[in-house]
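Student: the following block contains a protein sequence and its predicted model.
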Amino acid sequence: MDMQIENSRLDGVLLITPPTVFEDFRGGYIELYNRDIYHAAGIRQDFIQDDISWSERHVLRGIHGDQETWKLVSCLLGRFYLVVVNNDPASPQYRHWQGFTLSESNRQQVLIPPKFGNGHVVLSDKAIFHYKQTTQYSRASQFTLLWNDPSLNIFWPVTNPVLSARDSGTDLAR
């Protein structure tokens, strides 16, 4: 399979099908990242940290971001709905958002630029969320947008998600 890259409605946010996805009767194999291939395709960010979170059905994490970090998001197991929000006040797309369904079946990835927040809600019994990032994680530099902020008018495929105190808006310091 060839790597496929599609522009999204948000400037700088890309939907990517990785270069190698293989499945047969034994299972599957996916090459989530290959620096040379991604660089040749114009994705030249220097990813320095990988993170994984796992959650159960209807857990909603985010919307979080910062001013410096690029993220490359993948779903390793299950299925989740990812929302990306432009949080750059200087952008004509400020506070615009787009949703993507990532899964172990479609194997797509989303490249998220700095100044964009992202959050996801799990649609399967369990899901594993993987992301590469270009900076070390720093909670102090993060912003949080409320998942149900009426001014954003984000569509979520669940109405009563499971939330942390931070994501519910009751404890923005966490």
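Tutor: Everything's here; your move.
Student: any buried residues in stretch 12-28, and which?
Tutor: Using 16 or more other C-beta atoms under 10 Å as the test for burial, stretch 12-28 gives 12-16, 18-19, 21. In short, each C-beta sits where N, CA and C put it, glycine included.
Student: ok, and what's touching it?
Tutor: 1-8, 29-34, 37, 43, 72, 74, 84, 98, 100, 106-113, 116 (C-beta atoms under 8 Å, 6 or more residues apart in numbering).
Student: re earlier: of the buried residues of stretch 12-28, closest to residue 128?
Tutor: residue 18 (15.7 Å; C-beta to C-beta).
Student: what residues does stretch 138-156 touch?
Tutor: Under C-beta under 8 Å, 6+ apart, the answer for stretch 138-156 is 60, 62-68, 81, 83, 85, 87, 95, 97, 99, 117, 119, 121, 161, 163, 166-167, 169, 172.
Student: tell me the secondary structure of the most centrally placed residue in the chain, please.
Tutor: Closest to where the C-alpha atoms of the chain average out (C-alpha atoms, centre = their mean) is residue 73, at 4.4 Å. Taking DSSP: H, G, I helix; E, B strand; the rest coil as the rule, one finds residue 73 in the strand state.
Student: how far away is it from residue 25?
Tutor: According to C-beta to C-beta, to the nearest Å, residue 73 stands 29 Å off from residue 25.
Student: cool, residue 120 as well?
Tutor: For residue 120 relative to residue 25 (C-beta to C-beta), the value is 31 Å.
Student: quickly list what residue 103 is bridged to.
Tutor: residue 79 (DSSP bridges).
Student: report pLDDT for the residue of the chain most remote from its centre.
Tutor: Centroid-distance maximum for the chain: residue 25 at 29.7 Å, with C-alpha atoms, centre = their mean. Looking at residue 25, its pLDDT stands at 93.
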